[in-house]
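**Q** Have a look; sequence and predicted model below, questions after that.
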Amino acid sequence: MSESREGLDFSTVIASTVHDMKNSLAMLTQTHNQWIRQMPEALLHTREHGVIEYEFARLNGMLVQLLGLYKLGVNQLPLQPAYLEVEDFLEEQIARHFEVLQSRHIEARCEVEEFGLMGVFDHNLIGSVVSNIITNSIRYARQQLLLRAWEEQGTLVLSVCDDGEGYPEAMLAKQSDYVLGINHSTGSTGLGLYFSGRIAELHERNGVRGHIEISNGGPLGGGEFRIYLP
Amino acid sequence: MQDYSRTRFLIVDDFSDFRSSIKAMLRDIGAKDVDTADRGEDTLVMCRNKRYDIILHDYNLGSGKNGQQVLEELIAGKLISHQCIFVMVTAESSQAMVLSALEHEPDAYLTKPFNRASLLQRLDKLVERKTALKPILQALDKAEHAAVLAACDELSRQDKRYAPLCLRYKAGALRELGRHDELEQLLTQLLADRPLPWAYMALGSLLHSRNQLQRAREVYEKGLQQFAMLPGLYDGLAAVLEALGEEKKAQHLLEEAIKLSPLAIRRQMHLGKLAMANEDFEVASKAYRHAVEQGRTSRFKSPENYLGLSQALTSQAGDGSLDKRVQQEIGQTLGELEKTYSDNPAVQVRARLAHAQSLVKSGDAAQAKKLTEEAMARMADLPQFFSAEVALQVAGQLRDLGQPGAGDELLKNCVEIYGDDPAVLQKVAGQTSDPAILGGGKEAVELNRQGVRCYQQGQHDEALALFRRALLLQPKNISIALNTAQSLLRLAADKGSEALLGECRACLDAVRMIPDTDPRQERYQQLRQRAFGA
């Protein structure tokens, strides 16, 4: 009895709990949305509503990421690349955050270098990466968010920019080992970058692997996150 | 935004809250015609009665069929058009689900929770895509594959965003049209540029079907290096290894694939069969047990799984006797089999033999004998021949059950019906060395071969003479009968002879017991239609 208790694998416990938490959160979000529909118009655009929407999205993103990290750890995160229309993909990511952007009065748009730009990547995995980055940028953005995409020598670049303060200097300096940079002040951001980096690496073409970069400045003057997909 | 006021929607989810929430979102975007259901079984009924444009289907529906099974049945039963938009709604992005869906992919996945903006953005895009693809999809609905090819070329010229998707439709059409060289070239080029899972699968299966086993093996192995979690690649490689005679390795691969994606009845069935051949009865019984369970809600259910389970459990005991628990499981399995397939006389025969075998191991020789005799009596008036594989299996069972005479009789029949297939003869030789059985068809097969050669050289009269002599020796041989019928039909038309036509009809009637599963069934039906009229 005591032996089996000691043998309990904590990461498996977390993974299965996270799984349930995610389902529970989905239920909560959906019920909340139904409740919202019955509210008078005046209550719909309050600050509290915005906070609830935002934290729902953040929690969901963290849980997805946690499950993803677990699967990476046990080598069970499969890659399903397919040809995708990049603009469509970016618009989809913005649509996922529609309510939050609206309640925070942030204008989000996307710019794709050429009409009909295509990319080959895992829709689901890159979707959760970009979505998490957007959630993070929303926290720091003042009024604007810009998603861009272009091609550089056969490599697709997706970029998320905001007009906020930008990433802390320490983080930019240590970008090659985000995981070491995780502490209580940068915690979730550091982990998010680590997850993004690992997902980018899973994408490979003719021996070249994907990677991520963070910088400050960019077209909106705030932080910029880039993911390079060969 | 697209106009959804005339779109026919169907929402399927087991939670009523979720159904009403989606329904409200659809109303908001202008939808008027929205039906709902809470079970996959209902989807099938509803799609039979009404043509839906957009289906939003939950994946996990509790105890019944899951969303993927429903989609497979909708496609197989042609209950939805290729133009219908099928969106799989999932509680979480379950990888196992996505991985097992390579063959029949939904048009999109939507992960719960989602908001109205996401739903609208997805639907708008999907409608746009389906509209652009319409010429291809219409041709697909009519199974006009040459038209699919033309439409693919046209659309990829017009809009390069659809070029990758067109390539995939093009590959499917080339396969249907049997244009294998072009297909191989297309897939090889594609893979040289981009490692895509579907292209590995398509190339591997093409090479396998062309019997280029080593090359097929290399393609699958390369695919697995990049996509180590794609069960379809394991299935493909396992089939190639089996053909190469490496059954143990093939079994191991399928066991790996099942760990990744256990909800795949055909994979479980294949594993059961391989493990039986490898005499790994424990793995075989487990796989067949899963296949039986999953079959209860699947169109891929098969009597072979019940029979396989019973066989594996009986064999597992070795020379020992069956314990009570195993006896009970066999009894239940075969009982369910007999009930489920009450209108299939061949299954009734085989269920009795399987039961008799387990009874011998349980020490009830009297009851075993009774069931064996019952089976033999029923065998005499089966409406269809056994397939060669089943005939060989049943012959072995009869011998085990102390009826070597009946077993030999069945083998003799098998040689007569299928003796032109060297693989079948080889397996018969594994059961008997009696030259009267093994050599039974030799002369007829040789005459048939000569007849085919004459026919190909345009010597139709000579060919017919040879086929007639062959058929006289082996009147139930399916290949010979079909060849004779075909040459009679040709000459009857040339000479306007009623007598030849009558002889042709007689030939076809003599093999009317051709099994439904026989690969020559289609050719038989075509000849029949020409000989007897529509």
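**A** Done, it's in.
**Q** Leaving out sequence neighbours, find the closest residue to residue 22.
**A** Picking chain A for this. With CB to CB, 6 or more residues apart in numbering or on different chains as the measure, A:Leu63 is the residue that lies nearest to A:Lys22, at 4.7 Å, once sequence neighbours are left out. The way it works is simple: take the backbone N, C-alpha and C, and place the C-beta from them, glycine included.
**Q** should've been chain B
**A** Using CB to CB, 6+ apart, the closest residue to B:Ile22 is B:Ile11 (5.1 Å).
**Q** so what does whichever strand or helix holds B:Leu307 touch, helix or strand wise?
**A** Here B:Leu307 sits within helix B:303-316, counting by DSSP states H and E. The helices and strands touching helix B:303-316, judged by 3 or more CB pairs under 8 Å, 6 or more residues apart in numbering or on different chains; DSSP states H and E, are helix B:265-277, helix B:281-295, helix B:324-340, helix B:345-362.
**Q** relative to helix B:324-340, how tilted is it?
**A** 160 degrees (axes from the mean of the first three to the mean of the last three CA atoms, to 10 degrees).
**Q** buried residues in helix B:303-316?
**A** For helix B:303-316, a neighbour-count test (16 or more other CB atoms under 10 Å in any protein chain shown) marks B:303-314, B:316 as buried.
**Q** what's near enough to touch the residue lying closest to A:Asn206 once chain neighbours are set aside?
**A** Spatially, and ignoring its direct neighbours in sequence, A:Asn206 is nearest to A:Pro230 (7.5 Å; CB to CB, 6+ apart). Applying CB atoms under 8 Å, 6 or more residues apart in numbering or on different chains, we find A:Pro230 in contact with A:Gly154, A:Thr155, A:Leu156, A:His203, A:Glu204, A:Arg205, A:Asn206, A:Val208, A:Arg209, A:Gly210.
**Q** next SSE after whichever helix or strand B:Val390 is part of?
**A** Element membership for B:Val390, per DSSP H and E: helix B:388-400. Along the chain past helix B:388-400, the next helix or strand (assigned with DSSP H and E) turns out to be helix B:404-418.
**Q** which residues touch that next one?
**A** With CB under 8 Å, 6+ apart as the criterion, helix B:404-418 contacts B:376, B:379, B:385-386, B:388, B:391-392, B:394-399, B:424-425, B:428, B:431-432, B:434, B:436-438, B:440-441, B:474, B:476-478.
**Q** Now a PyMOL select for only the buried ones of the residues you listed.
**A** Buried members of these, identified by 16+ other CB under 10 Å, are gathered into one PyMOL selection as follows:
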select buried, chain B and resi 376+379+385+386+388+391+392+394+395+396+397+398+399+424+425+428+431+432+437+438+440+441+474+476+477+478
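**Q** just the strands in the chain please.
**A** You didn't say which chain, so I picked chain A. With DSSP state E as the definition, chain A shows strands at residue ranges A:81-85, A:107-112, A:118-122, A:144-152, A:155-162, A:204-205, A:208-209, A:211-216, A:223-229.
**Q** look at chain B instead
**A** Using DSSP E, the strands found in chain B span residues B:8-12, B:33-37, B:54-58, B:85-90, B:108-111.
**Q** Please compute how far the last one lies from its chain's middle.
**A** Okay, so that is strand B:108-111. The gap between the average C-alpha position of strand B:108-111 and the chain average comes to 28 Å, counting by CA atoms, centre = their mean, to the nearest Å.
**Q** quick one: strands adjacent to it?
**A** Strands adjacent to strand B:108-111 in the sheet, as given by DSSP bridges, are strand B:85-90 (parallel).
**Q** Could you check the angle the strand it pairs with makes with strand B:8-12?
**A** Inter-element angle recorded for strand B:85-90 and strand B:8-12: 20 degrees (by the same axes, to 10 degrees).
**Q** Alongside chain B, which residues does chain A contribute?
**A** Residues of chain A that fall close to chain B, judged by CB under 8 Å from any CB of the partner chain: A:19, A:22-23, A:25-26, A:29-31, A:33-34, A:37, A:56, A:60, A:64, A:67, A:71, A:76-83, A:85, A:88, A:91-92, A:95-96, A:98-99, A:116, A:118, A:120, A:124, A:128, A:204-205.
**Q** Can you tell me the closest non-neighbouring residue to the residue of the stretch 1-150 of chain B found nearest chain A?
**A** Using CB to the nearest CB, the point where the stretch 1-150 of chain B gets nearest to chain A is B:Ala117, with a distance of 3.5 Å. Spatial nearest neighbour of B:Ala117, excluding adjacent residues (CB to CB, 6+ apart): A:Phe98 at 3.5 Å.
**Q** still on that earlier bit, can the contacts of A:Pro230 go into a markdown table with extra columns for neighbour count and pLDDT?
**A** Rendered in a markdown table, the data for the contacts of A:Pro230 read as follows (neighbours: other CB atoms under 10 Å in any protein chain shown; pLDDT from 0 to 100):
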| residue | neighbour count | pLDDT |
| --- | --- | --- |
| A:Gly154 | 9 | 87 |
| A:Thr155 | 16 | 93 |
| A:Leu156 | 22 | 95 |
| A:His203 | 24 | 92 |
| A:Glu204 | 16 | 88 |
| A:Arg205 | 16 | 87 |
| A:Asn206 | 10 | 84 |
| A:Val208 | 13 | 90 |
| A:Arg209 | 13 | 92 |
| A:Gly210 | 22 | 93 |
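**Q** How about the residues of chain B by chain A?
**A** Among all residues of chain B, those adjacent to chain A (criterion: CB under 8 Å from any CB) are B:17-18, B:20-21, B:24, B:91-93, B:95, B:98-99, B:109, B:112-118, B:120-122, B:125, B:159-161, B:163-165, B:194-197, B:226-230.
**Q** now do 7 Å
**A** By the rule CB under 7 Å from any CB of the partner chain, the part of chain B lying against chain A is B:17-18, B:21, B:24, B:91-93, B:95, B:98-99, B:112-113, B:115, B:117-118, B:121-122, B:125, B:160-161, B:164, B:194, B:196-197, B:227, B:229-230.
**Q** picking up where we left off before, what's in contact with the helix holding B:Leu307?
**A** Residues lying outside helix B:303-316 but in contact with it, judged by CB atoms under 7 Å, 6 or more residues apart in numbering or on different chains, are B:269, B:272-273, B:276, B:281-282, B:284-285, B:288-289, B:291-292, B:295, B:322, B:326, B:329-330, B:333-334, B:336-337, B:341, B:347, B:350, B:354, B:357-358, B:361.
**Q** Now with 8 Å, please.
**A** Under the criterion CB under 8 Å, 6+ apart, residues B:265, B:268-269, B:272-273, B:275-276, B:279, B:281-282, B:284-285, B:288-289, B:291-292, B:295, B:322, B:326, B:329-330, B:333-334, B:336-337, B:340-341, B:344, B:347, B:350-351, B:354-355, B:357-358, B:361 lie in contact with helix B:303-316.
**Q** Fine by me, thanks again.
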